[in-house]
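J.: 3D model of this:
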Amino acid sequence: MFQSIPIDQIDRRADARALNEASVASLCDSIGSVGLINPIRVREKNGRWEVTAGSHRLAACERLGLVEIECIVVSDDDLHAELSMIDENLCRNELSPAERAVQTARRKVIYEELHPETKHGVNQHTSSRQLGDSSESDRFTTETAAATCKSERAVQRDAERGTKVIAEVIDMITGTRLDTGTYLDKLKRLKPNEQVVAARRDLAQERARERDRASIVARKPALSDDDVADRQYDALMVLWNKSGELARRKFFGEILSLMSLTTGERASA
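T.: Model prediction:
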């Protein structure tokens with residue numbers, strides 16, 4: 001059901017991802033120009049409304065000063081509400097490898113709780129179902145790939161990383177130079193205590209490298225005006241040598257015009 005709801009009556013989930021400011025700014029431009037194309041998804045909770053999908057769109061509308069926002073009102077339970085939020089996160093491109101791993105692993109837990117017959121090792125032909133229900137749910141990777149527009153291999157890889165790398169280590173490396181798929185694959189092969197030791201050691205090494213880089217930049221002498229001019233001249237000559245005859249003539253004509261104008265200004269002074 002579609003419904004316009006006052007923005008001040010809508011709350012974000014406590015476990016919602018932090019807002020990505022670049023995404024909110026982009027949405028502000030889009031919504032300010034053409035309006036809100038895709039309504040946010042909300043459910044009623046404790047006499048108010050809770051966003052299950054569309055936190056960034058809500059933030060953009062707030063910053064634009066809008067009073068109401070178009071919503072799709074659903075009656076999701078807690079698991080389905082969290083699933084909607086995760087699916088929206090996984091469809092976004094700015095998630096880091098560590099963030100994507102956590103979201104995918106959590107989605108797997110929810111999906112298997114909602115569809116226990118899809119768990120690995122369960123005999124789907126003999127698992128209990130409601131009387132008269134002959135449907136069979138897709139396995140987790142198939143359903144998640146369809147919901148997030150990713151390949152099944154990518155879904156399987158992310159779920160494995162999020163399951164095998166412990167939460168403490170994920171928190172440590174998220175947003176750092178170690179937040180890469182390659183590093184997560186390295187960690188997942190280690191025991192939990194070994195993961196902590198490795199992450200702390202490697203983060204310390206990264207911080208040391210960063211200090212060294214900053215020190216080198218600080219010690220690097222500033223270029224003199226002559227050095228700057230020489231570099232600019234070299235760049236101009238590279239462009240000149242790459243240019244065709246017509247471009248050179250037009251450029252040379254512009255230079256002559258500027259020189260004539262400068263000469264005229266000096267004469268009048």
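J.: isn't there a helix covering E160?
T.: Yes: applying DSSP: H, G, I helix; E, B strand; the rest coil, one finds E160 inside a helix.
J.: A helix includes S4, no?
T.: No: counting by three-state DSSP, one finds S4 to be strand, located in no helix.
J.: the helices in the stretch 51-200 of the chain, which residues?
T.: Using DSSP state H, counting those that start in this stretch, the helices of the stretch 51-200 of the chain run over residues 55-63, 78-91, 97-114, 140-148, 152-164, 167-173, 181-187, 192-219.
J.: List the buried residues for the helix or strand just after the longest one?
T.: Same thing as helix 192-219. Note on helix 192-219: by DSSP states H and E, the next helix or strand toward the C-terminus is helix 225-242. By 16 or more other Cβ atoms under 10 Å, helix 225-242 has no buried positions at all. (Each C-beta comes from the backbone N, C-alpha and C, glycine too.)
J.: Could you do stretch 50-63 as well?
T.: Under the neighbour-count criterion of 16+ other Cβ under 10 Å, stretch 50-63 has 50-61 buried.
J.: Quick one: mean pLDDT over stretch 166-183.
T.: What stretch 166-183 shows for mean pLDDT is 96.
J.: List the residues that contact K250.
T.: Going by Cβ atoms under 8 Å, 6 or more residues apart in numbering, K250 touches no other residue.
J.: which ones are touching the residue most central in space within the chain?
T.: Nearest to the mean C-alpha position of the chain, by Cα atoms, centre = their mean, lies E94 at 1.4 Å. Applying Cβ under 8 Å, 6+ apart to E94 gives the contacts 20, 22-23.
J.: Equivalent analysis for E160, please.
T.: E160 sits next to K188 when contact means Cβ under 8 Å, 6+ apart.
J.: what about it, distance to A146?
T.: According to Cβ to Cβ, to the nearest Å, E160 and A146 sit 19 Å apart.
J.: now do G244
T.: Per Cβ to Cβ, G244 is found 52 Å from A146.
J.: ok, these two, which is more surrounded?
T.: Taking neighbours as other Cβ atoms under 10 Å, G244 and A146 compare with A146 leading, 12 against 8.
J.: Check the spacing between the more buried one and D87 real quick.
T.: Counting by Cβ to Cβ, the separation of A146 from D87 is 10 Å.
J.: I'd like to know how far V228 sits from E70.
T.: According to Cβ to Cβ, V228 stands 54 Å off from E70.
J.: nearest residue to F251 other than its sequence neighbours?
T.: Closest residue in space to F251, ignoring its immediate chain neighbours: S243 at 7.2 Å, by Cβ to Cβ, 6 or more residues apart in numbering.
J.: doesn't P97 make contact with G175?
T.: No: counting by Cβ atoms under 8 Å, G175 stays clear of P97, with 10.8 Å between them.
J.: measure the residue nearest to the centre of the chain to A159 for me?
T.: Going from E94 to A159 by Cβ to Cβ gives 20 Å.
J.: isn't Y111 right next to R139, touching?
T.: No: checked against Cβ under 8 Å, the pair Y111 and R139 is beyond contact range at 9.3 Å.
J.: With neighbour numbers in mind, choose between the two.
T.: Set Y111 next to R139 and count neighbours by other Cβ under 10 Å: Y111 wins out with 24 against 18.
J.: That one: what's it in contact with?
T.: With contact set as Cβ under 8 Å, 6+ apart, Y111 has these partners: 83, 118, 140, 143-144.
J.: returning to what we had before: when G175 and P97 are compared, which one has more neighbours?
T.: Comparing G175 with P97 by other Cβ under 10 Å, the one with more neighbours is P97, at 21 against 11.
J.: I'd guessed the more buried one sits against L184; true?
T.: Yes: at 5.8 Å, P97 counts as touching L184 under the criterion of Cβ under 8 Å.
J.: Now the common contact residues for the two.
T.: Common neighbours of P97 and L184, using Cβ under 8 Å, 6+ apart, are R161.
J.: mind checking which helix or strand of this structure has the lowest mean pLDDT?
T.: Least confident helix or strand of the chain, by mean pLDDT, DSSP states H and E, is helix 245-268 with a mean of 79.
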